[in-house]
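**Q** Below is the sequence, then the predicted model.
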Amino acid sequence: MLSKIGRAAIDGFDEFLYAMGFFARVLRESFLLLRRGQVGRRVLVNQILFTGIDALAIAAAMALAIGAAINLIGSSLLAEFGQGKLMYTILIIVITRELGPLLTAFVVIARSGTAIATELGGMAVGHEIEAYVAVGVNPISYIAAPRFLGVVISMTVLDVYFNVFGLIGSFVVVQLVHPIAFNEYFRNLFAVLTPGDLLSGVGKSLVFGVIISVVSLYRGFAVERSVTEVPVAGIKAVGSGFMLCILADVVMTSVQYLG
Amino acid sequence: MRFRMRYADKLVGLFVVAAALFLAGGIIFLGANQRWFSKDIRFETRFQSAAGAGAGTAIMMRGFQVGKVTKVKLNDRNEVDAELVIYDTYYPKVKEYSILELVTSPIGLGTQLLFHPGKGEALAQVGSFLPLADSEQGKDLIDQGLVEIPVKDDTITRLLAGVNPLIENANKTIVTINRTLTEINRALAGQSTGPLGSIVNDASDAVSHADAMVADVSAQATALVTKANALVDSVNAITKNLEATTAAIRDPTGLVPRLLDAKGSIKTILDDKNALYDGINGSIAELQKTLKNVQDISASLNGQMPSIAMTIDEGRAAIKQAEDVLTGLKNNPLLKGGIPARVEQQPQSMSMREGQFR
């Protein structure tokens, strides 16, 4: 029993070191991709198209719904307690700081994380990766780096759009139910919003993008030879992605509020 | 799908650039709204405590944020020196005698730092000191009516504003009572030289003389009691006399019969050797004779004048009654004083008018 635990711990530590090494290589190749402008740029554009633009609709819908709900609750319930302006604080906390980046991350994990893991798993099963290596193409450089950058960029940009739709779009939706003066709304909103809020949201999106892309790539490359490993890689990518994003969110929020 | 792939670069470029523009626009709007590019006017103030008035605390005026606290520092006198800024757009409102007021919500909704503009003509100098409303300087300015203080916004604050003077008054009263009690204690202990001390000392002297006064009062009371006893004795004697008199009146052989007796008190009235009685009796006898004569005349005329007979009978009956009355009068003790002497009327010829013209 003890030996099993010890072996699992050693294996886990080894895997962690391997993952860190993988992350370091992906990071290095990503910088190289940006500097050299190699053929991987086409993959990067496609990845942004798939991860960012294609996910924009669902992210926008979520942002609109959450923002409108907070607006409605804030303008009716909070106003009864004479704390109507607290609505803007809640809006900023939920949309910009906390829920926005996390929900965007969940959307990206569900859509792109599984896709990247299963795609790379399929490539591994089909020996495509070995073929790239055989012809002298670095698979990290051509396959991993564009996807890594694409997911990170998409996550960050999606978070910006989430904020845009959550803060501005919800205002438009609320006008249909409970009209609020445009000037009043944005003056109060930007009176509460701080650069720290924006930085927090963008920073979390960057971290979540890194986590999602690295976990998905790692799980995809981890597939060896069986086709049955492919969906498992997808499931593991989703599970690990959720867990690590939530863990990172807790750590960053703790540092932000306690620090 | 073909469109997406053909224009993938443009779509991605638009996607990223639009997001960057939104982000940049948001930051610029945020900066403009949070006055990153504005020149705010700096002032100073001093708090008793930084609780609720830390750096970043908004300074409000009639619901508008006109500035904020930028820095607080504990000074050598254990007071909190604070630096604040008033937004340049609101600087024209910062006239001389302007003050700040730190208002704490009674139901735990935080604190508010309010700005009350002064009524001076000139603007307050940049970097000058704005006193708090509860400081001595602030109170003086308010008392002199140099500050424009609006009506409080909410009911609770208004109530509190009304309650505060009451509490202050109550506090002053308690302090006064405390001082009074202290003074009383000192006076009772014989340590006070004030008016109360004099009163207590006088009271003490009076108490020391109380025994002599009581003895004096006791002696006088004894004399009064003796006199009262003598009076009571006199009253008792009078009462006994009255009792005896009453008993004599009640006794049929006592005073009344003696009064009514021919030799009694009536005697003194009627003791004229029965002259009055004889006179009356004689008169009655004469009258009886006359009536008898009239009866005789009536009897003679009886046949002709029965009415005269009847009249005469009635006259006789009346005479009998008069006789009974006279008998009653003779026997009546009220005629003790006798018959009063007649007052003779002066002749009319001796009037005053004639006297004057004599």
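**A** Now that the structure is in, tell me what you want to look at.
**Q** Please count neighbours and contacts with C-alpha atoms only from this point.
**A** Noted.
**Q** Off-centre distance for the lowest-mean-pLDDT helix or strand in chain A?
**A** Sorting the helices and strands of chain A by mean pLDDT, DSSP states H and E puts helix A:79-80 at the bottom, at a mean of 76. Distance, stretch centre to chain centre, for helix A:79-80: 36 Å (CA atoms, centre = their mean, to the nearest Å).
**Q** separation between residue A:191 and chain B?
**A** The gap separating residue A:191 from chain B is 6 Å, by CA to the nearest CA, to the nearest Å.
**Q** now swap in residue A:146 and tell me
**A** Distance from residue A:146 to chain B, by CA to the nearest CA: 14 Å.
**Q** Run through the stretch 51-200 of chain B and note the low-pLDDT ranges.
**A** B:106-109, B:152-161, B:196 (pLDDT under 70).
**Q** in it, which spans are strands?
**A** B:58-61, B:64-74, B:80-86, B:99-104, B:111-116 (DSSP state E, counting those that start in this stretch).
**Q** With residue A:78 as the reference, name the closest of these.
**A** strand B:111-116 (18.8 Å; CA to CA).
**Q** Secondary structure element holding the residue nearest the centre of chain A?
**A** Centroid check for chain A by CA atoms, centre = their mean gives residue A:105 as the closest residue, at 3.2 Å. Using DSSP states H and E, residue A:105 falls within helix A:99-108.
**Q** what residues does that helix touch?
**A** A:51, A:55, A:58-59, A:63, A:93-95, A:151, A:155, A:158-159, A:162-163, A:201-202, A:204-205, A:208-209, A:212, A:242, A:245-246, A:249 (CA atoms under 8 Å, 6 or more residues apart in numbering or on different chains).
**Q** and of the strands of the stretch 51-200 of chain B, who's closest to residue B:47?
**A** strand B:80-86 (5.0 Å).
**Q** could I get the closest one in CSV with only the CA atoms?
**A** Extracted as CSV, the C-alpha positions of strand B:80-86 are listed here (Å, rounded to 0.1, in the frame of the first residue of the first chain):
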residue,chain,number,x,y,z
VAL,B,80,-5.0,62.2,11.6
ASP,B,81,-3.7,64.6,9.0
ALA,B,82,-5.4,64.1,5.7
GLU,B,83,-4.8,65.3,2.2
LEU,B,84,-7.7,65.5,-0.2
VAL,B,85,-8.4,66.7,-3.7
ILE,B,86,-11.4,68.6,-5.0
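**Q** From the contact counts, what lies against that strand?
**A** Under the contact definition 3 or more CA pairs under 8 Å, 6 or more residues apart in numbering or on different chains; DSSP states H and E, strand B:80-86 sits against strand B:41-47, strand B:64-74.
**Q** between those strands, which gets nearest to residue B:91?
**A** The nearest among the helices and strands packed on strand B:80-86, by CA to CA, is strand B:41-47 at 7.0 Å.
**Q** in the closest one, what's buried?
**A** B:41, B:42, B:43, B:44, B:45, B:46, B:47 (16 or more other CA atoms under 10 Å in any protein chain shown).
**Q** what would those residues look like in TSV with pLDDT and distance to chain A?
**A** Below are these laid out as TSV (pLDDT from 0 to 100; distance: CA to the nearest CA, whole Å):
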residue	pLDDT	distance to chain A
B:41	89	19
B:42	90	20
B:43	92	22
B:44	91	24
B:45	91	24
B:46	90	26
B:47	87	26
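**Q** And the nearest residue to residue B:80 once chain neighbours are set aside, how close does it get to chain A?
**A** Leaving out its chain neighbours, the residue that sits closest to residue B:80 by CA to CA, 6 or more residues apart in numbering or on different chains is residue B:74, at 4.5 Å. As for residue B:74, its distance to chain A is 23 Å (criterion: CA to the nearest CA).
**Q** Test my guess that residue B:74 contacts residue B:54.
**A** No: using CA atoms under 8 Å, residue B:74 is not in contact with residue B:54; the gap is 11.5 Å.
**Q** where do the helices sit along the stretch 151-259 of chain A?
**A** A:170-175, A:182-192, A:195-221, A:229-258 (DSSP state H, counting those that start in this stretch).
**Q** Need the CA coordinates for stretch B:8-21. CSV is fine.
**A** The C-alpha trace of stretch B:8-21 is given here as CSV (Å, rounded to 0.1, in the frame of the first residue of the first chain):
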residue,chain,number,x,y,z
ALA,B,8,-9.9,33.7,-42.0
ASP,B,9,-7.1,36.2,-41.7
LYS,B,10,-9.4,39.2,-42.0
LEU,B,11,-11.9,37.7,-39.6
VAL,B,12,-9.2,36.9,-37.1
GLY,B,13,-7.7,40.4,-37.6
LEU,B,14,-11.1,42.0,-37.1
PHE,B,15,-11.8,39.8,-34.1
VAL,B,16,-8.5,40.8,-32.4
VAL,B,17,-8.4,44.5,-33.5
ALA,B,18,-12.0,45.1,-32.4
ALA,B,19,-11.2,43.6,-29.0
ALA,B,20,-8.1,45.7,-28.7
LEU,B,21,-10.1,48.8,-29.6
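**Q** Quick check: buried residues in it?
**A** For stretch B:8-21, by 16+ other CA under 10 Å, it's B:8, B:9, B:11, B:12, B:15, B:16, B:19.
**Q** where does the stretch 1-150 of chain A dip in pLDDT?
**A** Using pLDDT under 70, the stretch 1-150 of chain A drops low at A:38.
**Q** and it, which of its residues are near chain B?
**A** Proximity of the stretch 1-150 of chain A to chain B is confined to A:45, A:46, A:48, A:49, A:53 under the rule CA under 8 Å from any CA of the partner chain.
**Q** Buried ones among these?
**A** For the residues of the stretch 1-150 of chain A next to chain B, buried by 16+ other CA under 10 Å: A:45, A:46, A:48, A:49, A:53.
**Q** Filter those down to the ones in helices?
**A** A:45, A:46, A:48 (DSSP state H).
**Q** pretty sure the first one contacts residue B:10?
**A** No: using CA under 8 Å, residue A:45 makes no contact with residue B:10, being 9.6 Å away.
**Q** which residues touch residue 122?
**A** Unless you meant another one, I'm taking chain A. A:227, A:230.
**Q** um, chain B though
**A** With CA under 8 Å, 6+ apart, residue B:122 has these contacts: B:95, B:96.
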